[in-house]
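Q: all I have is the shape, not the residue letters:
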């Protein structure tokens, strides 16, 4: 048996026993290009690694894609997501490392 780590382990979240890497979420969302910009922000409800589903995720792009993206995330990464579509260029950007997880609204 081998363990394969895809993405940064310091950003990893666990949703009902499933390891969720923000970079993997971004890769699944990128499948919807050009209808999405590719910018993603995971907004956990509670502080810490362990999260209860559905995991809130903000995605920049067309308003009608939320259900399709949530379905694709469930199929590809086996966790439930609550996808919220936001206007292009409304999520924070960085020249160095893009922030993919935001605990500011967590309790």
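A: Structure's in. What do you need? What you see is a predicted model; the values in this text were computed from it and never measured.
Q: buried stuff in the helix or strand that residue 40 is a member of?
A: Using DSSP states H and E, residue 40 falls within strand 36-42. Neighbour-count burial for strand 36-42, counted by 16 or more other C-beta atoms under 10 Å, picks out 36-37, 39-42. (C-beta placed from N, C-alpha, C; glycine too.)
Q: residue 19 touches residue 12, doesn't it?
A: Yes - with contact taken as C-beta atoms under 8 Å, residue 19 and residue 12 are classed as touching, separated by 5.7 Å.
Q: ok so, going back, make a markdown table out of the buried residues of strand 36-42 and add distance to residue 100.
A: As requested, the buried residues of strand 36-42 are arranged in a markdown table below (distance: C-beta to C-beta, whole Å):
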| residue | distance to residue 100 |
| --- | --- |
| 36 | 15 |
| 37 | 14 |
| 39 | 9 |
| 40 | 6 |
| 41 | 7 |
| 42 | 6 |
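Q: in TSV: those, plus distance to residue 104 and pLDDT.
A: Converted to TSV, these look like this (distance: C-beta to C-beta, whole Å; pLDDT from 0 to 100):
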residue	distance to residue 104	pLDDT
36	23	97
37	21	95
39	17	93
40	16	95
41	10	95
42	12	96
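Q: which two from those end up farthest apart in space?
A: Using C-beta to C-beta, the buried residues of strand 36-42 reach their maximum pairwise distance at 37 and 42, which is 15.8 Å.
Q: mind listing the helices for the protein?
A: For the chain, the helices defined by DSSP state H occupy 22-30, 66-77.
Q: tilt between the last one and strand 36-42?
A: For the pair helix 66-77 and strand 36-42, the angle between their directions (axes from the mean of the first three to the mean of the last three C-alpha atoms, to 10 degrees) equals 70 degrees.
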